[in-house]
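**Q** need a structure here:
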Amino acid sequence: QKAERAAVARKAEEEENQKAEREAVARRTKKKRQKAERAEVARKAEESQKAERAAAASKADEERQKAEGEAAAKKADEESQKAARAAGARKADEERHKAEHEAVARKADEESQKAECAAAARKADEER
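**A** Okay, the predicted model is just below:
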């Protein structure tokens, strides 16, 4: 009986030890699984943030390019207007010069005719 009780006690202790070992293994397994899950969540969050940063950078780049394009178009328009004004000023200046030359030529022509008339009148007077 004593040996039997000792065997029963040993068996009970062995079962208790096995149960404790199984529980320890289950705890370690659970901890590892939770750690892996947290790592996966962190990895996904990092990927998401990385994608968001890339999208923001891309949008900022597009907006910068758009702004540069608009600035270039505005500058080209201003330069075009400036060139048109300069061309208009040049044309007006040329027309003014032309008008002045014509006026000088007309005056010279009138004075020449006046001189010719005076000469003809003198000659007619002398002949008379």
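**Q** next, find the distance separating residue 124 from residue 46.
**A** According to C-beta to C-beta, to the nearest Å, residue 124 and residue 46 sit 115 Å apart. All C-beta atoms are positioned from the backbone trio N, CA, C, and that covers glycine.
**Q** what is the three-state secondary structure of residue 16?
**A** Recorded secondary structure, residue 16: helix (DSSP: H, G, I helix; E, B strand; the rest coil).
**Q** look up how far residue 27 lies from it.
**A** 16 Å.
**Q** now the helices: where do they sit in this protein?
**A** For the chain, applying DSSP state H gives helices covering 2-127.
**Q** centroid-nearest residue for it?
**A** residue 64 (1.6 Å; C-alpha atoms, centre = their mean).
**Q** per-residue pLDDT, it?
**A** On the pLDDT scale, residue 64 is placed at 98.
**Q** need the contact partners of stretch 120-128.
**A** Contacting residues not belonging to stretch 120-128 are not present [C-beta atoms under 8 Å, 6 or more residues apart in numbering].
**Q** roughly how far is it from the heart of the chain?
**A** In terms of C-alpha atoms, centre = their mean, to the nearest Å, the centre of stretch 120-128 is set 88 Å apart from its chain centre.
**Q** C-alpha coordinates for it, CSV please?
**A** Once non-C-alpha atoms are left out, stretch 120-128 reads as follows in CSV (Å, rounded to 0.1, in the frame of the first residue of the first chain):
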residue,chain,number,x,y,z
ALA,A,120,9.2,134.9,-112.0
ALA,A,121,7.5,138.0,-110.7
ARG,A,122,10.9,139.9,-110.6
LYS,A,123,11.7,138.8,-114.1
ALA,A,124,8.2,139.9,-115.4
ASP,A,125,8.7,143.2,-113.5
GLU,A,126,12.1,143.7,-115.0
GLU,A,127,10.9,142.8,-118.5
ARG,A,128,8.0,145.2,-118.1
